[in-house]
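**Student:** One predicted model, sequence on top.
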Amino acid sequence: MKLSKRLQQILSMAEAGYTHIWDCCCDHGYLGAALLTEQRTACIHFVDVVPELIDALDTRLRQHYPTSLWQTHCMDMAQLPLEDHSGKHLVIIAGVGGELMTDCVDQIHRRHPHADIDYLLCPVYHPFRLRQLLIRHDFKRIEEALVQDKQRFYEILLVTGSAQADPTLPSVSTAGDHIWHADTPAQTRIAEQYLRRTLNHYQRVQQGRQKDVQHIIDAYRAVGIKGSAAANS
């Protein structure tokens, strides 16, 4: 199964060195299966709350990956049993909205404040709210990327709240940092389109006066895309 651009980017950011990788909201398990192929030492945990998905996935994994390290879990991702598995963890959450993701990361971090955990996060909506939570918990940014997959844009963040993390890592920024660094004209156009769409969305919300989001508008207005001149060359 060929992975989407979004999942390919997530896969490329899930580097080696973890003891356990948790593929939360794993759905049909395409990302976790790709991780099984690339990760030779980590145990891949497939997590979803839908029993039928987990049962079918368990059958496929037994058939295609009988000798690999993996486990399936039918459970709420906020309740990951990290305490039962020693070592360094990577928790991947993708394919859900930023509000749900924010709540889950908050719960996991509060339940395991001293565990060695990195998070690879790709919210469908509301990355600003997610970033605010990460800032409140003093998370550090390891890597971040901006991807356009078909007609949608995705921020992907690899962050850590671990006390064992490299102290020189930068803090998570409010509206993103590295996602606005474009190395190619194509990436510059993606960044420009995403910034324009994001600003338009929050300006409409502000004009509707149902919620005050001026601070979000101000944060995105302060963004400077590095390399934007290349888009016109």
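**Tutor:** Received it, and whenever you're ready, just let me know what you need. Numbering: from 1, shown residues only.
**Student:** mind giving me the domain split of the protein?
**Tutor:** The chain breaks down into these domains under automatic domain parsing: 5-176, 185-232.
**Student:** Reformat the ones you listed as a markdown table; add mean pLDDT and mean neighbour count.
**Tutor:** Quick note: C-beta positions are derived from backbone N, CA and C, even for glycine. Shown next, in a markdown table, are the domains of the chain (pLDDT from 0 to 100; neighbours: other CB atoms under 10 Å):
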| stretch | mean pLDDT | mean neighbour count |
| --- | --- | --- |
| domain 5-176 | 95 | 18 |
| domain 185-232 | 89 | 15 |
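**Student:** Now the nearest residue to residue 44 once chain neighbours are set aside, what are its backbone angles?
**Tutor:** Distance criterion CB to CB, 6 or more residues apart in numbering; nearest residue to residue 44, sequence neighbours excluded, is residue 70 at 4.7 Å. Backbone torsions for residue 70, taken as degrees, to the nearest 10, come to phi -160, psi 160.
**Student:** ranges for the helices of this structure?
**Tutor:** Assigned by DSSP state H, the helices in the chain fall at 5-13, 30-38, 51-64, 98-111, 127-136, 185-208, 214-221.
**Student:** so what does the last one touch, helix or strand wise?
**Tutor:** Same thing as helix 214-221. helix 185-208 (3 or more CB pairs under 8 Å, 6 or more residues apart in numbering; DSSP states H and E).
**Student:** try 10 Å this time
**Tutor:** On a contact count with 3 or more CB pairs under 10 Å, 6 or more residues apart in numbering; DSSP states H and E, helix 214-221 meets helix 127-136, helix 185-208.
**Student:** ok, for the most centrally placed residue in the chain, nearest residue in space, not its chain neighbours?
**Tutor:** Centroid check for the chain by CA atoms, centre = their mean gives residue 121 as the closest residue, at 1.3 Å. What sits nearest to residue 121 in space, not counting adjacent residues and going by CB to CB, 6+ apart, is residue 157, at 4.9 Å.
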